[in-house]
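Visitor: return atomic coordinates for the entry below.
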Amino acid sequence: MLKGAYQTIPVHMHRRRLVAELRAPNVRALLNHCSIRPTRQRLSLASLLFSKGNRHVTAEGLLAEARAACVQASYATIYNVLKCFSDAGLLRCLAVEGHPMIFDTNTGPHHHFFFEDSAEITDLAFGDVAITGLPQPPEGYEIAKVDVVVRLRPKKKVKPANG
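Guide: Below you'll find the model as predicted:
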């Protein structure tokens with residue numbers, strides 16, 4: 001990962017609409033460093049994604065942010081850019097059964113809590129989980145990483161006994 005590649009991207013008014021500032025040399029450098037062609041849409045979406053620190057987003061959430069910032073992009077474009085950034089190692093994909101794909105800007109080693117009632121996800125420190133007894137991988141393969149998503153739900157209220 002390119003050090004110092006993240007910065008807050010200023011937003012300004014232009015032609016009576018809100019436009020994300022595209023002159024972000026650090027975002028351009030980040031994409032160039034990862035051999036990603038810095039198109040206008042990729043620069044705009046990278047600015048939206050990486051200007052707010054580590055966070056978790058869905059394609060739908062990023063599409064809403066893009067529309068609010070007057071960045072023209074379709075759902076397919078958003079998803080393709082997120083996949084491109086994931087393939088380049090800029091994002092981490094998290095699949096939680098029954099929910100849309102979640103993309104994490106924190107690519108360092110860590111795990112997650114997933115709150116089933118709100119579909120929120122938060123980081124869980126890597127050292128807070130001990131994993132033992134992993135199987136031996138097949139011949140010619142090695143374990144690249146182990147992702148742990150701890151699903152949480154509110155405790156069920158126990159009805160008091162009538163007595």
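Visitor: what ranges do the helices span in this structure?
Guide: Listed in chain order, the helices found in the chain under DSSP state H are 25-33, 40-50, 59-68, 75-87.
Visitor: for Asn162, find the nearest of these.
Guide: Of all the helices of the chain, helix 59-68 sits nearest to Asn162, with 46.2 Å by CB to CB. The way it works is simple: take the backbone N, C-alpha and C, and place the C-beta from them, glycine included.
Visitor: who are the packing partners of that closest one?
Guide: Helices and strands touching helix 59-68, by 3 or more CB pairs under 8 Å, 6 or more residues apart in numbering; DSSP states H and E, are helix 40-50, helix 75-87.
Visitor: dump these to CSV, plus mean pLDDT.
Guide: Below are the helices and strands packed on helix 59-68 laid out as CSV (pLDDT from 0 to 100):
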stretch, mean pLDDT
helix 40-50, 94
helix 75-87, 96
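Visitor: so which of those helices is the most surrounded?
Guide: Sort the helices and strands packed on helix 59-68 by mean neighbour count, taking mean count of other CB atoms under 10 Å, and helix 40-50 sits at the top with a mean of 21.
Visitor: that one to helix 25-33, inter-axis angle?
Guide: Interaxial angle of helix 40-50 relative to helix 25-33 (axes from the mean of the first three to the mean of the last three CA atoms, to 10 degrees): 110 degrees.
Visitor: can you spell out which helices and strands pack onto helix 40-50?
Guide: By 3+ CB pairs under 8 Å, 6+ apart, helix 40-50 packs against strand 17-20, helix 25-33, helix 59-68, helix 75-87.
Visitor: return the distance of that helix from the chain's centre.
Guide: 13 Å (CA atoms, centre = their mean, to the nearest Å).
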